[in-house]
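A.B. asks: Below is the structure, and that's it, no one-letter string:
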């Protein structure tokens, strides 16, 4: 039985071999040694994860799976370093859960859009398509119908990529965050956001007329 001191002095290659033979001590030591990678990546993506309301325990679970994948698949003859490889494996799992939750959000997002980002000033979407609603239920219902028609018109006018960007814009993501999530360059996202705003303003203008 290898002692704790001997275990700590064992190099990563040997620890990984022991881990793959189901040595719990080796597994625990590797996790203890590289746990900081999970902390760094969660901190990096925390804003995205929070905006999507992803449960923290689910995030940790996905990170642990990514960590285990890295230890199982690491090949020191092919991969630059264990740290780099494990980092990529964990980040891949985090990106996967973000994509999953984004897809789920898209399904029902039409009911909860906010288009306030269209304007550069303090005007709001509902200000542009209605008078003061006061407390008139019939008027409220009419304005809601107009709002949904506006969303449908906007969706029809956007390309698939523009619609993806629009969905994230409506959820409050900035262009750098959208670029990370959709794997685009910030410049691509910024250009797409400008096109979305132009099309949205055009549709709003038509609605006013």
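C.D. replies: On my side now, so go ahead. For clarity, every value in this text was computed on a predicted model and none was experimentally measured.
A.B. asks: Tell me how the protein divides into domains.
C.D. replies: 4-107, 113-208 (automatic domain parsing).
A.B. asks: could those domains be laid out in a markdown table, adding mean neighbour count and mean pLDDT?
C.D. replies: Placement of C-beta: from N, CA and C, glycine included. Conversion of the domains of the chain to a markdown table gives the following (neighbours: other CB atoms under 10 Å; pLDDT from 0 to 100):
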| stretch | mean neighbour count | mean pLDDT |
| --- | --- | --- |
| domain 4-107 | 15 | 84 |
| domain 113-208 | 15 | 69 |
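A.B. asks: Downstream of the helix or strand harbouring residue 59, the next helix or strand is which one?
C.D. replies: Assigned by DSSP states H and E, residue 59 belongs to helix 56-73. Moving toward the C-terminus from helix 56-73, the first helix or strand encountered (DSSP H and E) is helix 82-108.
A.B. asks: Just want the angle from that next one to helix 56-73.
C.D. replies: Helix 82-108 runs at 140 degrees relative to helix 56-73, counting by axes from the mean of the first three to the mean of the last three CA atoms, to 10 degrees.
A.B. asks: just checking, what packs against helix 82-108?
C.D. replies: Other elements packing on helix 82-108 under the criterion 3 or more CB pairs under 8 Å, 6 or more residues apart in numbering; DSSP states H and E are helix 24-51, helix 56-73, helix 160-170, helix 175-182.
A.B. asks: Just send the ones you listed back as JSON lines, with distance to residue 14 too.
C.D. replies: Formatted as JSON lines, the helices and strands packed on helix 82-108 follow (distance: least, CB to CB, whole Å):
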{"stretch": "helix 24-51", "distance to residue 14": "8"}
{"stretch": "helix 56-73", "distance to residue 14": "13"}
{"stretch": "helix 160-170", "distance to residue 14": "45"}
{"stretch": "helix 175-182", "distance to residue 14": "36"}
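A.B. asks: Quick one: closest of these to residue 102.
C.D. replies: Evaluated over the helices and strands packed on helix 82-108, closeness to residue 102 peaks at helix 175-182, with 6.7 Å, by CB to CB.
A.B. asks: ok now the helix or strand following the closest one, how far from the chain's centre?
C.D. replies: From helix 175-182 onward toward the C-terminus, using DSSP H and E, the following helix or strand is helix 186-208. Mean C-alpha position of helix 186-208 versus that of the full chain (CA atoms, centre = their mean, to the nearest Å) differs by 22 Å.
A.B. asks: I'd like to know which elements helix 186-208 is packed against.
C.D. replies: helix 125-129, helix 137-157, helix 160-170, helix 175-182.
A.B. asks: Could you rerun that using 7 Å?
C.D. replies: Applying 3 or more CB pairs under 7 Å, 6 or more residues apart in numbering; DSSP states H and E, one finds that helix 186-208 contacts helix 137-157, helix 160-170, helix 175-182.
A.B. asks: what residues are up against the nearest residue to residue 97 once chain neighbours are set aside?
C.D. replies: Leaving aside its sequence neighbours, residue 97 sits nearest to residue 62 (CB to CB, 6 or more residues apart in numbering; 5.1 Å). Contacts for residue 62 (CB atoms under 7 Å, 6 or more residues apart in numbering) come out as 93-94, 97.
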